[in-house]
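Colleague: sharing a sequence plus its predicted fold:
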Amino acid sequence: MRTIAIINQKGGCGKTTCSINLAASLSAKGKRTLLVDMDPQSHCAMGLAVPDAQIEKSIADMLRVGLDGSLAMSEVTWQIARNFDLAPSSITLAGMEAQLTTAPDRDRRLVQVLSTVQDQYDFCIVDCPPSIGLLTFNALRASDEVLIPVETGFFSMQGAVRQQQTIQMLARRAGHHVRFKVLATMYDVRTKLAREILSELKRHFGEELLPIIINFNSKLKEAASFGQPITEYDAASRGMQDFERLTEWLLANPPAPATAPMTEYEPEHAVVPGSVSTSSNPAMSRAAELVERARALSTRTAELSSRLASDDDVRAEGFATPAPPRPMTQTEEPPAPVAPPDSFEKKLAGLFGARHTAQGLLFVQPHGKARNVAIAGDFNGWNPATTPLDRDESLGVWQACVTVPPGRYRYRLVVDGQWVQDPYNSYVESNPFGELNNIIVVQ
């Protein structure tokens with residue numbers, strides 16, 4: 001499922017109009033489309049003639065329960081047309097940011113909710129509120145790409161650059177790669193100001209400005225007032241033609257798959273002891289940074305190897321116990337460091353990650369500086385709260401064992417609320433969010 005977030009913290013720029021009509025145009029082309037309204041004002045339902053009084057469950061309820069299984073997406077969605085469903089909002093969504101403030105997965109709730117229907121839809125359009133907060137951050141984390149509608153008026157132009165910078169900063173903080181495109185809306189070719197602002201948008205944003213323009217068209221406003229998308233209200237209008245061109249461009253130009261970042265066990269704010277970050281030394285090249293991290297990781301591996309080799313359970317797995325050190329004479333030179341045998345390194349690498357044992361799926365990770373570690377996957381409904389890893393201070397690892405029937409399972413690590421790939425399992429596949437899920441097969 002390809003997810004597109006419509007974001008702009010300025011109101012009145014056409015976000016909801018774009019969301020409704022883009023979703024309708026995609027569904028008209030046979031694409032199974034879900035429109036998610038993340039704006040507490042619930043304008044998507046209003047613009048599609050869904051009675052507010054009849055909305056018993058909304059996306060706010062789905063975000064609140066997450067993946068506890070008490071509510072299914074099918075209980076929330078309304079079928080607007082063939083291939084077109086709406087997950088409406090409600091005023092209760094306004095209080096969700098405060099309710100989720102202390103939740104460890106507060107910025108991943110929408111990702112979790114959409115993961116339950118990713119096989120049911122081809123596209124998901126997310127209409128965001130006119131603000132940058134936790135609701136918008138959830139939409140950003142769940143999206144493959146972001147459309148920033150910019151009205152071709154003076155005040156919109158003034159805020160367009162800051163809007164782009166704000167969203168890109170949030171994406172970097174989330175460690176989530178998305179494609180950004182600016183969409184010029186409400187363009188009136190008859191006015192000199194609109195033409196000058198469109199020219200300025202092209203000069204500043206370059207290729208990031210979509211080659212499609214949504215022209216000012218009264219039929220779009222009329223369609224919204226009648227509770228219909230433009231595809232139903234006036235299929236011959238200029239507004240319909242604009243959204244058809246936008247749809248065709250998006251179908252012909254999918255975002256490039258996100259390149260998986262170098263995933264470490266520590267959360268992104270942690271620094272590996274002994275390493276040098278590029279933020280403290282901006283002149284350092286990426287290659288030099290990797291060398292420093294490799295050295296630090298080697299030191300940590302040697303320390304962990306020593307602890308593991310002295311543990312009875314680990315020795316039972318076939319690890320050799322190192323001989324006790326021999327006292328040195330005063331004239332004797334200290335021996336040069338000797339790397340552990342290749343067989344030991346292979347066994348050490350095989351200990352981390354996930355493997356099938358007689359007791360079930362065993363997950364083992366080095367603890368680093370993490371405070372909480374959990375596993376989310378097919379076997380627990382992608383709910384990390386059900387499978388926390390226990391910290392073993394003596395071995396310096398996190399571990400958990402899960403009993404599952406034979407099958408093929410996808411999973412991800414959740415480290416201090418951040419969803420990351422297991423770096424010790426090379427069996428992966430892409431997920432709809434441009435990230436990588438780890439795979440393990442139980443025979």
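Modeller: Cool, got the structure.
Colleague: measure stretch 38-46 end to end?
Modeller: 14 Å (C-alpha to C-alpha, to the nearest Å).
Colleague: tell me the mean pLDDT over the helix or strand hosting Leu140?
Modeller: Element membership of Leu140, judged by DSSP states H and E, is helix 134-142. For helix 134-142, mean pLDDT rounds to 87.
Colleague: got the contact list for it?
Modeller: 3, 5, 7, 9, 36, 38-39, 63, 93, 96-97, 100-101, 106-111, 114, 124, 126, 128-129, 146, 167, 170-171, 174, 176, 178, 433 (C-beta atoms under 8 Å, 6 or more residues apart in numbering). (C-beta placed from N, C-alpha, C; glycine too.)
Colleague: following element in sequence after it, please.
Modeller: The helix or strand immediately downstream of helix 134-142 is strand 145-151, counting by DSSP H and E.
Colleague: mind giving me the packing neighbours of that following strand?
Modeller: strand 2-6, helix 15-28, helix 154-174, strand 179-187 (3 or more C-beta pairs under 8 Å, 6 or more residues apart in numbering; DSSP states H and E).
Colleague: in CSV: those, plus mean pLDDT and distance to Leu71.
Modeller: Output for the helices and strands packed on strand 145-151, formatted as CSV (pLDDT from 0 to 100; distance: least, C-beta to C-beta, whole Å):
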stretch, mean pLDDT, distance to Leu71
strand 2-6, 94, 20
helix 15-28, 94, 22
helix 154-174, 68, 26
strand 179-187, 89, 31
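Colleague: any chance of those in TSV, with mean neighbour count and distance to Asn383 too?
Modeller: Below are the helices and strands packed on strand 145-151 laid out as TSV (neighbours: other C-beta atoms under 10 Å; distance: least, C-beta to C-beta, whole Å):
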stretch	mean neighbour count	distance to Asn383
strand 2-6	26	20
helix 15-28	26	28
helix 154-174	16	20
strand 179-187	21	29
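Colleague: tell me which of these sits nearest to Tyr424.
Modeller: Closest approach to Tyr424 among these (C-beta to C-beta): helix 154-174, 23.2 Å.
Colleague: so where's the stretch 201-350 of the chain shaky on pLDDT?
Modeller: Residue ranges of the stretch 201-350 of the chain with pLDDT under 70: 257-350.
Colleague: surely Thr403 and Thr357 touch.
Modeller: No - counting by C-beta atoms under 8 Å, Thr403 does not reach Thr357; the two are 10.3 Å apart.
Colleague: before we move on, back to that, which of the contacts of helix 134-142 fall within strands?
Modeller: 3, 5, 36, 124, 126, 146 (DSSP state E).
Colleague: of all the residues you listed, which two lie farthest apart?
Modeller: Maximum pairwise distance in the ones in strands among the contacts of helix 134-142, criterion C-beta to C-beta, is 14.1 Å, between Val36 and Val146.
Colleague: so for those two, which sits in the more crowded spot?
Modeller: Taking other C-beta atoms under 10 Å, Val36 and Val146 do not tie; Val36 has more neighbours (29 against 26).
Colleague: wait, Phe180 sits on Glu208?
Modeller: Yes - using C-beta under 8 Å, Phe180 is in contact with Glu208, at 6.0 Å.
Colleague: how is the protein carved up into domains?
Modeller: 2-252, 286-322+341-442 (automatic domain parsing).
Colleague: and the longest one, how far from the chain's centre?
Modeller: Going back to what we said before, that points to domain 2-252. For domain 2-252, the separation from the chain centroid amounts to 17 Å (computed by C-alpha atoms, centre = their mean, to the nearest Å).
Colleague: work out which residue lies at the spatial centre of this protein.
Modeller: Note on the chain: the residue nearest the mean C-alpha position is Arg141, at 3.6 Å, using C-alpha atoms, centre = their mean.
Colleague: return the distance of it relative to Asp392.
Modeller: As judged by C-beta to C-beta, to the nearest Å, Arg141 and Asp392 stand 31 Å apart.
Colleague: quick check: phi and psi on Ala376?
Modeller: Here is the backbone geometry of Ala376 (degrees, to the nearest 10): phi -120, psi 130.
Colleague: isn't it up against Ala400?
Modeller: No - counting by C-beta under 8 Å, Ala376 sits too far from Ala400 to count as a contact (11.9 Å).
Colleague: between those two, who's got more neighbours?
Modeller: Set Ala376 next to Ala400 and count neighbours by other C-beta under 10 Å: Ala376 wins out with 25 against 18.
Colleague: who are the contact partners of that one?
Modeller: If you count contacts by C-beta under 8 Å, 6+ apart, Ala376 has them with 382-384, 387, 411-412, 414, 419.
Colleague: Ile197: neighbouring residues, count only.
Modeller: 22.
Colleague: ignoring the adjacent residues along the chain, who's closest to Tyr409?
Modeller: In this structure, Tyr409 finds its nearest non-sequential neighbour in Asp378, 4.7 Å apart by C-beta to C-beta, 6 or more residues apart in numbering.
Colleague: this completes my enquiry, with thanks.
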